[in-house]
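**Q** sequence unavailable; structure follows:
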């Protein structure tokens, strides 16, 4: 291409780069300050307006948060949840009829124990966040994750929803307006002056043992997420909050969707990534930030000085293929760079899905997973992936017969709950090379029985754990209780008339 | 200290199963693999005795193993099926002509009748010619759509009752991922089904007996059985969007080998919310093939190729279907949009 001597007589074509020196597309007056998507350039004012409006519209159109309700904001310190906090702060402080009419509280879970952070680091982070929360004026709670070990078993049981004065949204709004706004000042709790509650060394060690019993980083992250969620729900329940707001952005939810699919959580996708998640009964989890891409949030935080704190996670600074979550995050972000509609397409696909099978509220206690409290999806139907996996495992292990002599012998797959043969462990002992017999029958008994109470992906996670006993007491005791009940039910099954039990 | 097979505990183990991680000897592995395919066929009730089944053979590892296993199981368990091979010639030099030689060798080895259909005779276009017009980015769409129809036409010519294809677990998992990335809800619902449920003329139901077999295990099987197959990638495939899903899946498998089955399990348990618009099955007004639009996809693609508008059919052009049907000329603006091709 060496055409040095040639002269270009024509004007060189200029490619239209999306530059910020254009006019704002909304008000068409000011100079644009930020470009969100290709071609969408906004000035500061319009950007701020549209950002705030999106938040209000999200709460308004879903009509899930009733006026006068207590809503707990789960703040992790990251940009998304801090942005959510600032939106709520603004919304609650405004005057006139546009004021957000619920009573927020803030909760932060300190996971430093699980990550192996030293006490000083944890104290430092906590005090930073403490200052941030104090300035908002809302009641806040700072809890160490170690408290999850002391949770009661009732966390895993969906409690019936608290009585609403009017289950129809409009009726509730009218009722609230009638009762007058004067209650708004009185109801706000006094800000508690809390410092990080003293955490016993033994508890931290137990927690680390729990997380450490998972052999793979994927399982560790999964367990951490589950227990964090349990603690959040418990906090909301005991302090009287009926809603829990989490700050997952669109990007984060798209990654979560793909991760859930890869982990086998297809049946529970709608609950994991939808706007509202009712699996815990009394406490509904809502995700108002789900339409904001991570980019928008980052711009907003930068331009309007929203404070946030950087807190490391289990997979911080880990290589790309350390865990499924990390891999998926890299994949989606890279793909988004080449195909700009990736995140929104995945998000919209997720919106069109629902929870498979029975409605989550109708499912009985016994039909919910002990760890993730979602409906079980492990009915090994004919010609399903689950059945195929069971058959493969059976065929790859000895069941006392030599096959090649007797070719035409038909094989019937046995359901996992039938622990008749103690010899053939249903789960291959982690990493064992061909030493198929692990006849620690009682331990296997426990492990297999716990598996029948778990959904497909929790089963997979527990399989990665070296020992099931490390699970917190409340999980094990609830599992025990359910097993007893199902044993009881089996004994009296012929005498039960109605198939549908009353909800316990 | 040699590792013993975990199934028979007698012979030395020669391989480790990618699917479950157990170490097996050759005979036990063959048995396990074949038995799994048999269980899949029986549990999903894929075939009835007396049916004629066409095996879609491309000469690659999946279809070679499929032909081998189908013949073996047919004899061993007495399915009572009459088997035939159907092969499609897309006209890709250096790839398809070599693999077709493999199929012809298979035909002699397994003593099954063979029918080859080619794009040239059905549509008047070879893939080489199509790529020259379309470029390297969207050519897989053309090949895939044409091949589906070609297989059906070949099956009708041979008068078979069912077609079985060699799609394995990795393919199904990739398809699930790809449909999520593309936002294709309708396909997402159908893609994990083991057999298609279409009735009517012009369409032969098809099934995937190898749906739960890992790709690595298929290769292991073919390797140890010393099966003859053609093992090159299609020369036009590197830029396909599916490549991203494939790389992702391979990485997932390296982290957690069971994730392929996990994805298939997720896909099977997905359910779509009510009120989401779904396409309705009808017939193409031009060729009578099944279609959810006025014109079937291959007619639209062919029209685009014949008119020199390669982008017709890539992306959504429902409104143009009416125009094409009534032979109206397209406006300048539409023509310009459809012509641009990025190589």
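**A** Thanks, I have it. Since the model is a prediction, treat every value here as computed from it, not as a measurement. Residues are numbered from 1 along each chain as shown, chains lettered A, B, ... in the order given.
**Q** for residue A:450, phi and psi?
**A** When read as degrees, to the nearest 10, the backbone of residue A:450 gives phi -60, psi -40.
**Q** I'd assumed residue A:469 was in contact with it.
**A** No - in terms of C-beta atoms under 8 Å, residue A:450 does not count as a neighbour of residue A:469; the distance is 10.2 Å. Yep, even glycine has a C-beta here, placed from its N, CA and C like the rest.
**Q** okay, strands next: where are they in the stretch 1-150 of chain B?
**A** Secondary structure of the stretch 1-150 of chain B (DSSP state E, counting those that start in this stretch): strands at B:15-16, B:23-24, B:52-56, B:82-89, B:114-118.
**Q** likewise the stretch 151-300 of chain B?
**A** For the stretch 151-300 of chain B, applying DSSP E, counting those that start in this stretch gives strands covering B:162-164, B:206-207, B:271-272, B:282-283, B:290-291.
**Q** and the longest helix anywhere in chain A, anywhere near chain B?
**A** With secondary structure taken from DSSP state H, chain A has its longest helix at helix A:217-238. Yes - using C-beta under 8 Å from any C-beta of the partner chain, helix A:217-238 reaches chain B at residue A:218.
**Q** can you point out the buried residues in that helix?
**A** A:217-224, A:226-237 (16 or more other C-beta atoms under 10 Å in any protein chain shown).
**Q** quick one: low-confidence parts of the chain?
**A** Chain wasn't specified; assuming chain A. Residues of chain A that meet the criterion pLDDT under 70 lie in A:1-21, A:95-97, A:161-167, A:180-198, A:355-366, A:398-448, A:498-504.
**Q** that's the wrong chain, I meant chain B
**A** B:198-202, B:315-343.
**Q** quick check: the residue of chain A nearest chain B.
**A** Scanning chain A for proximity to chain B using C-beta to the nearest C-beta identifies residue A:266 as nearest, at 2.7 Å.
**Q** without its sequence neighbours, what residue ends up closest to that residue?
**A** For residue A:266, ignoring the flanking residues on the chain, the nearest one in space by C-beta to C-beta, 6 or more residues apart in numbering or on different chains is residue B:266 at 2.7 Å.
**Q** and that neighbour, what does it touch?
**A** Residue B:266 makes contact with A:260-267, A:269, B:176 under the criterion C-beta atoms under 8 Å, 6 or more residues apart in numbering or on different chains.
**Q** for residue A:331, same thing?
**A** The contact partners of residue A:331, by C-beta under 8 Å, 6+ apart, come to A:258, B:244, B:248, B:251.
**Q** try 6 Å this time
**A** Residues in contact with residue A:331 (C-beta atoms under 6 Å, 6 or more residues apart in numbering or on different chains) are residue B:248.
**Q** do residue B:114 as well
**A** Residue B:114 sits next to B:85, B:107 when contact means C-beta under 6 Å, 6+ apart.
**Q** and for residue A:288?
**A** By C-beta under 6 Å, 6+ apart, the contact list for residue A:288 reads A:58-59.
**Q** if we go to 8 Å?
**A** A:55, A:58-59, A:84, A:87, A:245, A:247, A:275.
**Q** let me have those in a markdown table, extended by neighbour count and secondary structure.
**A** Listed next are the contacts of residue A:288 as a markdown table, based on neighbours: other C-beta atoms under 10 Å in any protein chain shown; DSSP: H, G, I helix; E, B strand; the rest coil:
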| residue | neighbour count | secondary structure |
| --- | --- | --- |
| A:55 | 21 | helix |
| A:58 | 19 | helix |
| A:59 | 20 | helix |
| A:84 | 25 | helix |
| A:87 | 25 | helix |
| A:245 | 26 | strand |
| A:247 | 24 | coil |
| A:275 | 19 | coil |
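**Q** farthest pair within these?
**A** Farthest-apart pair in the contacts of residue A:288 is A:87 and A:275; separation 15.7 Å (C-beta to C-beta).
**Q** now the helices for the stretch 101-250 of chain B?
**A** B:119-123, B:127-134, B:139-158, B:169-182, B:185-190, B:215-224, B:242-255 (DSSP state H, counting those that start in this stretch).
**Q** which one of the contacts of residue B:266 is nearest to residue B:184?
**A** For those, the nearest to residue B:184 is residue B:176 (10.6 Å; C-beta to C-beta).
**Q** nearest residue to the closest one other than its sequence neighbours?
**A** Looking at residue B:176 with C-beta to C-beta, 6+ apart, the closest residue is residue B:267, at 4.0 Å.
**Q** list the contacts of the one you found.
**A** A:261, A:266, B:172-173, B:176, B:188, B:191-192 are the contacts of residue B:267 under C-beta under 8 Å, 6+ apart.
**Q** and the stretch 101-250 of chain B, which residues reach chain A?
**A** B:176-177, B:180-183, B:185, B:188, B:194, B:212, B:244, B:248.
**Q** need the residues you listed in JSON lines with distance to residue A:375 and neighbour count, can you?
**A** Shown next, in JSON lines, are those (distance: C-beta to C-beta, whole Å; neighbours: other C-beta atoms under 10 Å in any protein chain shown):
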{"residue": "B:176", "distance to residue A:375": "21", "neighbour count": "25"}
{"residue": "B:177", "distance to residue A:375": "24", "neighbour count": "24"}
{"residue": "B:180", "distance to residue A:375": "21", "neighbour count": "26"}
{"residue": "B:181", "distance to residue A:375": "27", "neighbour count": "24"}
{"residue": "B:182", "distance to residue A:375": "28", "neighbour count": "18"}
{"residue": "B:183", "distance to residue A:375": "26", "neighbour count": "18"}
{"residue": "B:185", "distance to residue A:375": "22", "neighbour count": "21"}
{"residue": "B:188", "distance to residue A:375": "20", "neighbour count": "21"}
{"residue": "B:194", "distance to residue A:375": "24", "neighbour count": "20"}
{"residue": "B:212", "distance to residue A:375": "24", "neighbour count": "27"}
{"residue": "B:244", "distance to residue A:375": "32", "neighbour count": "19"}
{"residue": "B:248", "distance to residue A:375": "28", "neighbour count": "24"}
